[in-house]
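[1] the sequence and its predicted three-dimensional model are supplied below.
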Amino acid sequence: MRRHRNVKIVATLGPASSEYDTIRALFEAGADVFRLNMSHGDHDDIRSRHNIIRDIERDTGRPMCILADLQGPKLRCGVFDTGSAEIEAGTSFRFDLDDTPGDATRVQLPHKEIFEALEPGATLLVNDGKLRLRVDECGGDFAQCTVQAGGTISNHKGVNVPDVVLPLAALSEKDRKDLEFVCELGVDWLALSFVQRAADVEEARELVRGRAAIMSKIEKPAAVEAFDEILEASDGIMVARGDLGVELPVQAVPPIQKRMTRKCRAAAKPVIVATQMLESMIDSPMPTRAEVSDVATAIYEGTDAIMLSAESAAGSYPVQAVKMMNDVAEQVEDDRTYREIIEASRSSHLSTTADGIVAAAREIAETTNIKAICCFSHSGSTALKISRERPRVPIIALTPIVETSRRMVLSWGCHSVMTQTVERFKFAVVSAVRAAKAAGFAVPEDQVVVMAGIPFNQPGSTNILRVAPCDERLIFGAEVD
């Protein structure tokens, strides 16, 4: 099944999308990547959804990408004697380690590491930033604050500390167990929550041991500051605008999103734009005009993927949300302005032979009547490089390695195809043209560009390019069977 767009759609699975028929319908509506949220559902739930995706993969014959999203360290306040309390702007409020139920003057914050890192003047945000407090005085077991924006604070509400790099382990004990579970299960990407520094990514990579690609979620001011180092250490990036918009001024998020998207593209690493993209479709069959514009903006920026969260996991209209996102993507990419923006933002990256081959492939495809760019990739690096070029023609990414095929699904424009191991370039050409015709990208009268590396099956060896006819009789005659 080919898509008539290049940007990919990530759909989160949950209570509203746990059955075979629904997940199959999400795929047919346009979902390319399925997200398993480790914050919700136990291991049995996650295993069941994973198995269903693999069943659909087998039934449709299309590689499917699975992204497991770790919960990360969650900072939450304690409980109140009446379940909640009202705190007013201008009043004093205290956080401490005492587990006595709280009231309108204090509550437990069971995270000693926060108190050790706080300084007077720091900001504490509660309940997704609805409550804002300034730290006046603090010590190893307390923080005395002034309420700047008041409201209701209730049991176990989340607490954000935007001004401070917290000495928290990147992976909680739950995260470590979840990481091992999903890696053994066979997910393709692993998303790390609340990354603050490149060392957080490196710690996770040691535990993953190559079993999944690593995606860093950018949702902390510290991660924005250390973005270049985090990007270098990661295989991909998720711009997680929910917590990012809590911990930073909301008006700062759009330019950050744009900068990160362009840096990821320059690095040839996929980037997902996430959170509240079609939020109203949790309860409504139609999104707001502003949400449609938000989705379109991310596509115009050249992001690899756009993501649905609660819309597909817990909403009333999961399939309609995916279809809406698909329809918006097709409309945007059909706009002449889209190509103008994409091509204006392209930069040169000619540092290796593979870079030169990839750039040449795009230029040939765009100046002649080429129907697709076909690349053989052992590790996926060649597909990522051609995806970075954002060519006008489809990218057919061929590999004999199922894990590589699934991971490449996430990248802009990549149509992943499993193929047999080939030892000679002319057989690679035959495989490429057959894949192009089978997927409906070309007919025998057309031509495609084929890229590969000699010797075969060695990562990073791309060094050959051919413009090939799709009529197999013209490739090398009678040797084709």
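    Everything's here; your move.
[2] what's the pLDDT at A11?
    With respect to pLDDT, A11 scores 98.
[3] mind checking how far the helix or strand where it lies is from the chain centre?
    Secondary structure from DSSP states H and E places A11 in strand 8-13. How far strand 8-13 lies from its chain's middle: 9 Å, per Cα atoms, centre = their mean, to the nearest Å.
[4] who are the packing partners of it?
    strand 33-37, strand 305-308, helix 310-313, helix 318-333 (3 or more Cβ pairs under 8 Å, 6 or more residues apart in numbering; DSSP states H and E). The C-beta positions use only the backbone N, C-alpha and C, and glycine is treated the same way.
[5] now with 6 Å?
    Counting contacts by 3 or more Cβ pairs under 6 Å, 6 or more residues apart in numbering; DSSP states H and E, strand 8-13 is packed against strand 33-37, strand 305-308, helix 310-313.
[6] ok, A468 - how many residues close by?
    Counted with other Cβ atoms under 10 Å, the neighbours of A468 add up to 23.
[7] state whether it is indeed within a helix.
    No - judged by DSSP: H, G, I helix; E, B strand; the rest coil, A468 forms no part of a helix; its state is strand.
[8] thinking it is in contact with A452, fair?
    No - A468 lies out of contact with A452 (Cβ atoms under 6 Å); the separation is 11.1 Å.
[9] distance check, V79 against E88.
    21 Å (Cβ to Cβ, to the nearest Å).
[10] do M215 as well
    M215 is 41 Å from E88, by Cβ to Cβ.
[11] the more surrounded of V79 and E88?
    V79 (17 against 11).
[12] sorry, back to before: got the helices and strands packed on strand 8-13 as TSV, with mean pLDDT, mean neighbour count and distance to T367 columns?
    As requested, these are arranged in TSV below (pLDDT from 0 to 100; neighbours: other Cβ atoms under 10 Å; distance: least, Cβ to Cβ, whole Å):
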stretch	mean pLDDT	mean neighbour count	distance to T367
strand 33-37	98	25	32
strand 305-308	98	26	29
helix 310-313	97	26	40
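[13] go through those and name the closest to R2.
    With Cβ to Cβ as the measure, strand 33-37 is the member of these nearest R2 (16.0 Å).
[14] that older thread, then the strand holding A11 to CSV, C-alphas only?
    Provided in CSV are the C-alpha atoms of strand 8-13 (Å, rounded to 0.1, in the frame of the first residue of the first chain):
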residue,chain,number,x,y,z
LYS,A,8,4.5,10.1,8.0
ILE,A,9,1.7,9.8,10.5
VAL,A,10,2.3,8.4,14.0
ALA,A,11,-0.8,7.1,15.8
THR,A,12,-0.7,6.3,19.6
LEU,A,13,-2.6,3.2,20.6
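[15] ok, residues contacting it?
    26, 30-35, 37, 49, 272, 305, 307-309, 312-313, 322, 325, 410 (Cβ atoms under 6 Å, 6 or more residues apart in numbering).
[16] dihedrals phi and psi, K217?
    With angles defined as degrees, to the nearest 10, K217 sits at phi -90, psi 130.
[17] what's opposite it in the beta bridge?
    M238 (DSSP bridges).
[18] please report how far it lies from R407.
    From K217 to R407 the distance is 17 Å (Cβ to Cβ).
[19] the more surrounded of these two?
    R407 (30 against 26).
[20] where does the more buried one fall, secondary structure wise?
    In this assignment (DSSP H and E), R407 forms part of helix 402-408.
[21] so what does whatever helix or strand comes next after that helix touch, helix or strand wise?
    Counting by DSSP H and E, the element after helix 402-408 in chain order, helix or strand, is strand 414-418. When contacts are defined as 3+ Cβ pairs under 6 Å, 6+ apart, strand 414-418 packs onto strand 395-399, helix 402-408.
[22] deepest of those, which one?
    strand 395-399 (a mean of 29; mean count of other Cβ atoms under 10 Å).
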